[in-house]
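S.K.: how would this look folded up:
(one chain, ligands or ions: 1)
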Amino acid sequence: MSRPRIHLGSDSANDLLLPQMSVVQPEKKKKRRGGKKEQFKRQRRQERKALDDDTNSDDTEPVDMLAFESRNAGPKGLGLFATRDIEPGERLIQETPLFILPKQETLNAAIVDSFMHLRPDQRAAYLKLSSYTTCTAKTQSGVVRTSAAEDGTASLPDVEGPDSPVDENGDPAKQVDRRSCASDVQPLCSGSDTENSCKSPNSASGSGDLSLKKPDKLELSEPEDTASSPVPQPRVDSPIWNVDDLEDALPTTITDSDTGNGVNDSIESDHTDHDTDGCEITESLAVQVINIWRINSYMLDDGIALDSAGIGLTASRLNHSCVPNVYTAFNSTSGHITVQALKTITAGDELCTAYINGVGKLRSERRAQLSMWGFTCTCIACADGRDESRCRGIKTLMSKVEGVKMQMLDGAADLSVAQVEQTVEDLLDQATLMSDEGLLGPDLADVCCMLIGRREEAGVLQSSGFGILLRGYGIDNPICTAALQAGDMNEA
Ligand SMILES: C[S@@+](CC[C@H](N)C(=O)[O-])C[C@H]1O[C@@H](n2cnc3c(N)ncnc32)[C@H](O)[C@@H]1O
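M.R.: Numbering: from 1, shown residues only. Modelled structure (predicted):
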């Protein structure tokens, strides 16, 4: 799926719809290029610091240099918080995923295999990521402990789990429409019966129990056919939790030849460059590894095809908001997960990304989608009593525009002038509503990029689009490069 062509228009056009938007102007860009080295160094320091926070509490990196820090976010667990004011479009994280799996290979065995081939420090950092979910499914084999430390087979750090409630049914979301966080691994527990329900470890019903029970049998969800969209849109067509798959991955002992303890590598591996020191994986550890992947992995797409997922240690600490202030993307050229500010962020604010594509969805719909992460969103858009008329408006306009888009794609009949006029009006209204709602991510660019050249106002929308793309992705992302190449626009 290719992105629509984007035209870069006059600067004033960018101010018209999106007062909060920061469009990189040519002069500013030059200045930024001049300071890029420093900016790059700062980013590296940030990444290192965030990683070190996880792996080494004695880290002495001066905090005042950083744009954000990782700290307690109350019931959400850990979160990332701005330590200084941040400008829209600023890149905050640029990290190489710990490992990437092609979408069709995100099988439990592949996840466990990739984990085992991480370096010991990476494995330790991985195991510190959030994996609060507990599954209380009854099993023949009984309880599977999450902590392999109990077996003396692996040293697991404490898993920090938020005190978040489960969804009403205790049932993981069937529809997993994830923009950024978590990938195509289905929740470990499935089905709607209470025996198979997921519980937060600290929830009343979970009694603080971090154990994970292996289900007898789990139904595989049907693939979701998510609507096509030019924005990164996670698709779920490789549902996978099944017991056989896990059993394939177990038991596994990998002994690093460097340790001198002999090599017993029962995993066929092409990760020979990785250190795989002695570490036995038990069933419970495997379950934890898979759970962590499910909660923390991001779809890694290049805006054209969604075919991979990966875990970034720092980006994994981002909590969700339906009105996010940062955008998480994947740069398929550099191989980095990037996180950029979508709006001005004030020192002390939490950085939040959107785990789902919630644009045009009502609170109840978003809640259903988010339930697989085991929390009920309390962001500004989800506050009780919040007027949802803007959301409803966006939803209505989106479905209207979608209808026209389908008509255009079918090529059945050319649109009438009146239809075109109306659609442009609808898009303008949608962009305004989204902007008012604080939805400033690349979805807005897609709104802005439709109906190129149809009318003067459409040109305004299109010209805004590139600025929005830049803000979310950064100029080095091939999505922006392609937009520049495809459109009648240039950087200057
Ligand atoms: C990718 S992790 C985010 C980082 C996590 N808070 C941690 O401590 O590592 C996702 C988990 O964080 C928690 N979380 C994320 N956003 C949240 C929110 N808006 N409200 C409550 N919990 C949230 C949920 O437990 C979710 O499963």
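S.K.: and whichever residue of the chain sits closest to the ligand, what are its phi and psi?
M.R.: Relative to the ligand, the nearest point of the chain is Gly77 (2.6 Å; CB to the nearest ligand atom). Just so you know, the C-beta spots here come from the backbone N, C-alpha and C atoms, and that holds for glycine as well. Torsion angles at Gly77 (phi, psi; degrees, to the nearest 10) stand at phi 90, psi -140.
S.K.: so which residues of the stretch 351-492 of the chain form helices?
M.R.: Along the stretch 351-492 of the chain, the segments classed as helices by DSSP state H, counting those that start in this stretch run 363-370, 389-410, 417-437, 442-449, 456-473, 478-486.
S.K.: and the stretch 301-450 of the chain, which residues reach the ligand?
M.R.: Residues of the stretch 301-450 of the chain lying close to the ligand (CB under 6 Å from any ligand atom) are Ser316, Arg317, Asn319, His320, Trp373, Gly374, Phe375, Cys377.
S.K.: can you turn the buried part of the residues you listed into a PyMOL selection?
M.R.: Burial among those is assessed by 16 or more other CB atoms under 10 Å; the matching PyMOL selection reads:
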select buried, resi 316+317+319+320+373+374+375+377
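S.K.: and the residues of the stretch 301-450 of the chain next to the ligand as a markdown table, adding distance to Ile468 and pLDDT?
M.R.: Listed next are those as a markdown table, based on distance: CB to CB, whole Å; pLDDT from 0 to 100:
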| residue | distance to Ile468 | pLDDT |
| --- | --- | --- |
| Ser316 | 25 | 96 |
| Arg317 | 25 | 96 |
| Asn319 | 23 | 97 |
| His320 | 21 | 97 |
| Trp373 | 26 | 92 |
| Gly374 | 31 | 91 |
| Phe375 | 28 | 94 |
| Cys377 | 23 | 96 |
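S.K.: and the furthest pair within the residues of the stretch 301-450 of the chain next to the ligand?
M.R.: Using CB to CB, these span at most 17.9 Å, a distance reached by Ser316 and Cys377.
S.K.: most tightly packed of the helices of the stretch 351-492 of the chain?
M.R.: helix 442-449 (a mean of 28; mean count of other CB atoms under 10 Å).
S.K.: now the angle between helix 478-486 and that one, please.
M.R.: Here the directions of helix 442-449 and helix 478-486 differ by 10 degrees (axes from the mean of the first three to the mean of the last three CA atoms, to 10 degrees).
S.K.: for helix 442-449, packing partners?
M.R.: helix 417-437, helix 456-473 (3 or more CB pairs under 8 Å, 6 or more residues apart in numbering; DSSP states H and E).
S.K.: how about the ones you listed, which one is nearest Glu95?
M.R.: Closest among these, using CB to CB: helix 456-473, at 15.3 Å.
S.K.: take the helices and strands packed on helix 442-449 and write them to a markdown table, including mean pLDDT.
M.R.: Shown next, in a markdown table, are these (pLDDT from 0 to 100):
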| stretch | mean pLDDT |
| --- | --- |
| helix 417-437 | 88 |
| helix 456-473 | 76 |
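S.K.: closest one to Pro88 among those helices?
M.R.: That would be helix 456-473 among the helices and strands packed on helix 442-449, by CB to CB, at 5.6 Å.
S.K.: what about Asp414, neighbour count?
M.R.: Asp414: 10 surrounding residues under other CB atoms under 10 Å.
S.K.: show me the helices in this structure, by range?
M.R.: Per DSSP state H, the chain carries helices over the ranges 11-17, 26-34, 36-55, 108-116, 120-127, 243-248, 283-296, 363-370, 389-410, 417-437, 442-449, 456-473, 478-486.
S.K.: by contact count, what packs against the longest one?
M.R.: Contact here means 3+ CB pairs under 8 Å, 6+ apart; on that basis helix 389-410 packs against helix 417-437.
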